[in-house]
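Student: Can you look at this prediction? I've put the sequence above it.
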2 protein chains.
Amino acid sequence: MDNRQILIDSLPQGELRESNYTLATTKAPQPENGQVLCRTLAIAIEAGSRAGLQGSASYAGAPKSGIVMNGHAAARVVASYDPAYKEGDLVTCPAGWQDYSVHEARALTRIEGSGDPARYLSALGNSGLTAYFGLFNVGQPQAGETLLVSAAAGAVGHFVGQMGRIAGMKTVGVAGSDEKCARLVSELKFNGAINYKDGGFRANLKEVTPDGVDLYFDNTGGDVLGSALFRMNENGRIVCCGVVSQYDTSNPAPGPKGVPGLLVNKRLRMQGFLVFDHIKQYSQARSEIAGWLDSGELIAWQDEFDGLESAPRALVDLLAGGNTGKRIVRVAE
Amino acid sequence: MDNRQILIDSLPQGELRESNYTLATTKAPQPENGQVLCRTLAIAIEAGSRAGLQGSASYAGAPKSGIVMNGHAAARVVASYDPAYKEGDLVTCPAGWQDYSVHEARALTRIEGSGDPARYLSALGNSGLTAYFGLFNVGQPQAGETLLVSAAAGAVGHFVGQMGRIAGMKTVGVAGSDEKCARLVSELKFNGAINYKDGGFRANLKEVTPDGVDLYFDNTGGDVLGSALFRMNENGRIVCCGVVSQYDTSNPAPGPKGVPGLLVNKRLRMQGFLVFDHIKQYSQARSEIAGWLDSGELIAWQDEFDGLESAPRALVDLLAGGNTGKRIVRVAE
């Protein structure tokens, strides 16, 4: 059984390019006792995986070339040598960008219920869970407060704003195009949305947050974070979720000027988190999110590419801000 | 009755100089009903008061020239038109840099017990209370953890390190001279202390914190904060207390590169605070601190100048790192 794989051919110097990847074909791996062979159905394309290609320290581990690009996938069990799974079961797994992969059974997450398995890469997967735990566990929202979200049309951001609305907050999104901003308001019911590429960004931000910002969910770092610091109210919270502005570079920019001065004067709390730290609450969170999806309170945007070979293009484009919602590459039916 | 006053003559361009101040003599003010006339005995010299001379926003309020320089003082009541105070009572008050000042009675804090009233400007005043609330309320120390403190020989820092030891932590200080570092270890029982002016600072910091840093009490911002971020352990806390590195300039430096990237990867919490937010606990904190002073567990360093006219020199020198412990200007017996 042939296994197509997308390998990291070279580490990027500066921006990531499709030419940093190469397509290879090998034989599908053979599972051993306690292991499961999985057929990749859909791959989640995530900005964070760019960090694994960085020379500096990162939670994705040390960079290497000549290995399969990492990525989370929805998959179908093709052969199981563990009693917990049988052929045909649907799971998520750290498959990487390839057709087939072998895993210890304990590394798999079972996909519950019917419907598109790719929702376990989006609203019921890391993106939805990251939004949920960052907003509720770290941000501690209060009804009536103003929530600001950066990369608000992104995989995590579009959920954060909607969950903030569900929590009774006024919600304002920052995105990279006028079209995304319009859709955030019309389709996802954000109270406001502004384009950070607009020259009048700071003034626009002030206008759209007349009561200041109580909770800022930061997906970007960089200039948007710097501007948000100046709009924060006293005792505000900044949830640090990711640093999109810094992923696609070998030379991170300096931090914002307001750190630590504005943190002191405004008594701000700025806190980073990773979704994995909240694993004990995944099941409870998934069932709450599933309820919101069923009732239509929460809308999941999926932004799809077709075919394994499109994955490098899908990531390069995502890093340039091309996605609206969760980017998925469909690999097989 | 003559009242000598030190006025802000001009706002500093760049570093503060003694020539930004001028000495004037007027008549002592006359209290009205509900007010109290106070004779200044000692003035607390504080880096934060430099921020009031900045063009940018600051909790010390908008900058002005031609007014009395602000400052907290220990004082003796000379005349009282309020039943709560009588002549001879000792108080602290926002006197400013002058011999006499008038206050609403509710703006005064009564000095309890006997002994040097200046201790209410130091261990039992804002410096000691800032150390106490920043460490215990914001930092939430755990026995066995490593505490790093910047400006560790400063008014707040020298208390933070000692309180950390009392809480069972390993304590490491950062200071601006080898002599200060030696005294932190020999006199105040810090486990280690390093000089940030030493060229090998990052390497020295690593050596003196072999288990990493769990709690960093930041009094400086700037490069020391940047270096500390790289030594933080997962789930570490950074207490943002002040920004000494940025007070004496009109052009604040960019923030550290690790913000927000390292906050995410290490799940750090970075939190600013002001001592005033904890006013309901002042009395309980003062009695605990007084107990530590009495038992000798806590040592208060006082660094004194003599005479009202020395106040500008005392502040300029403090901003250049000249103080060891709390700087006090003695004005009268």
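Tutor: Done, it's in.
Student: bridging residues for the nearest residue to residue A:310 once chain neighbours are set aside?
Tutor: Leaving aside its sequence neighbours, residue A:310 sits nearest to residue A:329 (Cβ to Cβ, 6 or more residues apart in numbering or on different chains; 5.9 Å). Placement of C-beta: from N, CA and C, glycine included. The residues paired with residue A:329 through beta bridges, assigned by DSSP bridges, are residue A:43, residue A:305.
Student: Check residue A:98 too.
Tutor: With DSSP bridges applied, the residues forming beta bridges to residue A:98 are residue A:5.
Student: How about the contacts made by it?
Tutor: Residues touching residue A:98, when contacts are defined by Cβ atoms under 8 Å, 6 or more residues apart in numbering or on different chains, comprise A:3-6, A:40, A:68, A:308.
Student: Pull up the per-residue confidence for it.
Tutor: Residue A:98 carries a pLDDT score of 97 in this model.
Student: Residue A:222 now?
Tutor: The model reports residue A:222 with a pLDDT of 89.
Student: What is the burial count for it?
Tutor: Residues within reach of residue A:222, counting by other Cβ atoms under 10 Å in any protein chain shown, total 20.
Student: pretty sure it contacts residue A:254?
Tutor: No: the pair residue A:222 and residue A:254 fails to qualify as a contact (Cβ atoms under 8 Å) at a distance of 9.7 Å.
Student: tell me what the lengthiest helix in chain A is packed against?
Tutor: Longest helix of chain A, by residue count under DSSP state H: helix A:282-295. Where contact means 3 or more Cβ pairs under 8 Å, 6 or more residues apart in numbering or on different chains; DSSP states H and E, helix A:282-295 is packed against helix A:126-132, helix A:157-166.
Student: The first one near chain B at all?
Tutor: Going back to what we said before, that points to helix A:126-132. No: interface with chain B: helix A:126-132 contributes nothing (Cβ under 8 Å from any Cβ of the partner chain), its closest point being 10.8 Å away.
Student: near chain B, which residues of the stretch 101-250 of chain A?
Tutor: Applying Cβ under 8 Å from any Cβ, we find that the stretch 101-250 of chain A lies next to chain B at A:218, A:221, A:225, A:238, A:240-243, A:246.
Student: Please tell me which one of these counts the most neighbours.
Tutor: When neighbours are counted by other Cβ under 10 Å, residue A:241 leads these with 33 neighbours.
Student: Which residues are in contact with that residue?
Tutor: Shown here is residue A:241, whose contacts under the criterion Cβ under 8 Å, 6+ apart are A:130, A:134, A:156, A:217-219, A:272-273, B:264.
Student: which residues does residue A:84 contact?
Tutor: Listed by Cβ under 8 Å, 6+ apart, the contact partners of residue A:84 are residue A:105.
Student: So for it, what's the pLDDT?
Tutor: Here the pLDDT value assigned to residue A:84 is 97.
Student: Would you confirm that it belongs to a helix?
Tutor: No: with the criterion set as DSSP: H, G, I helix; E, B strand; the rest coil, the secondary structure at residue A:84 is coil rather than a helix.
Student: Look up how far chain B lies from it.
Tutor: Here the distance between residue A:84 and chain B works out to 31 Å (Cβ to the nearest Cβ, to the nearest Å).
Student: tally of neighbours for residue A:45?
Tutor: Neighbour number of residue A:45 under other Cβ under 10 Å is 28.
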